[in-house]
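Asks: how would this look folded up:
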Amino acid sequence: MKASYRRIVLISALLVQLVAAAVILTPPSRAATSPLDFRNAMRKLWEDHITWTRLTIVQFFNGDPEVQATEARLLQNQVDIGDAIKPYYGEAAGNQLTALLKTHITGAADVLAAAKAGDQAQLQAATTAWYANANDIAVSLHNANPDHWPLATLQDLMKMHLDQTTAEAVANLKKDYQADIAAYEVVHEHILKMADALSAGIMAQFPERFAAPPPAAQVDFRLAMRKLWEDHITWTRLTIVQFFDGDPEVQATEARLLQNQVDIGNAIKPYYGEAAGDQLTALLKTHITGAADVLAAAKAGDQAQLQAATTAWYANANDIAAFLHSANPDHWPLATLQDLMKMHLDQTTTEAVANLKKDYPADIAAYEAVHLHILKMADALSDGIIAQFPAQFGGAAVPPGMPTTGAPAADRQPWPLLLTGALLLAGGWWLRRRRAFTA
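Replies: Residues are numbered from 1 along each chain as shown. Alright, predicted model coming up:
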């Protein structure tokens, strides 16, 4: 009896040591990336791509001296895009994509220069080279992920991007402002489609790197809210640049910016009703016209009018915060909304002042801050609506800090448990055999 007991103790100790060794030797798992975060990051990179491209087009044709700083920021965006794929395809692949994308940008600059000069021969040569480079980009991406990035699809996506950007630039050069703005809208929709195709391809190729996605209704709503507020800051920046440049397109740009406030109001109507959506639109339109008053006073150097306009503008921001809080008091705290709105105004003021002073590095840096903050604000609004109406979004969102269910099996590392089970079964079998033998 004592001998059997000793054997059980020894076997148990051996099992504990083996399990401990298995746990220690288990390689650390890579933290799973949120599919929504990854998709948002990819979208932002390509939003930056088209925003800085549009600003380059507008400033180049207007002879704005800021164009060189804008082009430099646009070239940096190509580095950022290349860096984004390095965790999946390596340093060399990321650098190669950056090089190809930089040629894409410098090639576009050659097209703009030839078009502005009216040199048809140079325009044809530059355009041919630009489209050839687009095909090279498609081939490079396809080679990295042939199963999920079909070559023909990538070629179509790149060609469409160039076709649409050409239409935008031609309309701007001809001062057909309605067509120019409409062309940019098309560019925007297409680049989001392209960004999503790239994200989907990477997630399909490396599924073990990504956690389970949230419900599709939440994803779609969050993406739509971000786009509305990115439109808000894009058209605001263009208004600032064109207003201080004396660009006659500024009136059409302001009209598009005012339409954005209608779009934002319409976005909340399914949750808070027609009247609430219209009230938000009215408050946001006052936000825009108030900003225009601030710009006009700043440009004129009228300090008394600037102070009055600024005071009214910040008061309106508080009105917006109070209205939103009243619609969703449990999930949109008043102090949080006031802080978000004040920061938005503070940052936009910094951007406008830097542009007026022709401090271009500060101007561009200020817009970067505006962009990051508006995405935070858009996400806060989405969070609040999803939390208030969970049934419309496939259930409540997982609270921050809570574990995500449905993580890929590769991240859970089950083999130590399987080994433990196998050893326990083997030990039990050995003991039964031993007892049968001694009996």
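
Asks: hey, let's count contacts and neighbours off CA atoms from now on
Replies: Will do.

Asks: give me every residue that touches residue 70.
Replies: Listed by Cα atoms under 8 Å, 6 or more residues apart in numbering, the contact set of residue 70 reads 52, 55, 56, 364.

Asks: does it belong to a helix or a strand, and which?
Replies: According to DSSP states H and E, residue 70 maps onto helix 67-89.

Asks: buried sites along that helix?
Replies: Using 16 or more other Cα atoms under 10 Å as the test for burial, helix 67-89 gives 67, 70-71, 73-75, 77-85, 88.

Asks: out of the residues you listed, who's nearest residue 117?
Replies: residue 67 (16.9 Å; Cα to Cα).

Asks: on that earlier part again, let's see if you can find the most crowded of the contacts of residue 70.
Replies: Counting neighbours by other Cα atoms under 10 Å, residue 56 comes out on top of the contacts of residue 70 with 25 neighbours.

Asks: Pull the contacting residues for that one.
Replies: By Cα under 8 Å, 6+ apart, residue 56 lies in contact with 67, 70, 71.

Asks: Point out where this structure drops to low pLDDT.
Replies: Where the chain drops to pLDDT under 70, the residues are 1-30, 395-439.

Asks: how's it carved up into domains?
Replies: If you go by automatic domain parsing, the domain ranges for the chain are 1-23+425-439, 34-210, 216-394.

Asks: Give me the secondary structure label for residue 212.
Replies: State at residue 212, reduced to three classes by DSSP: H, G, I helix; E, B strand; the rest coil: coil.

Asks: I'd like the distance between the closest residue to residue 140 other than its chain neighbours and residue 107.
Replies: Leaving aside its sequence neighbours, residue 140 sits nearest to residue 97 (Cα to Cα, 6 or more residues apart in numbering; 7.4 Å). Residue 97 sits 15 Å away from residue 107, taking Cα to Cα, to the nearest Å as the criterion.

Asks: Tell me which of these two has more neighbours.
Replies: Between residue 97 and residue 107, residue 97 has the larger neighbour count (other Cα under 10 Å), namely 23 against 20.

Asks: How many neighbouring residues does residue 129 have?
Replies: Residue 129 - counted by other Cα under 10 Å - has 18 other residues nearby.

Asks: excluding its backbone neighbours, what's nearest it?
Replies: Per Cα to Cα, 6+ apart, closest to residue 129 is residue 107, 7.1 Å.

Asks: pretty sure residue 258 is touching residue 287, no?
Replies: No: taking contacts as Cα atoms under 8 Å, residue 258 lies outside contact range of residue 287: 9.6 Å.

Asks: picking up where we left off before, would CSV of the contacts of residue 56 with distance to residue 122 be doable?
Replies: Below are the contacts of residue 56 laid out as CSV (distance: Cα to Cα, whole Å):
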residue, distance to residue 122
67, 22
70, 24
71, 21
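
Asks: Just give me the closest of the residues you listed to residue 233.
Replies: When the contacts of residue 56 are compared against residue 233 (criterion: Cα to Cα), the nearest one is residue 70, at 16.2 Å.

Asks: Any figure for the gap between residue 54 and residue 330?
Replies: The gap separating residue 54 from residue 330 is 40 Å, by Cα to Cα.

Asks: These two: who's more crowded?
Replies: It is residue 54, of residue 54 and residue 330, that has more neighbours when counted by other Cα under 10 Å, with 22 against 12.
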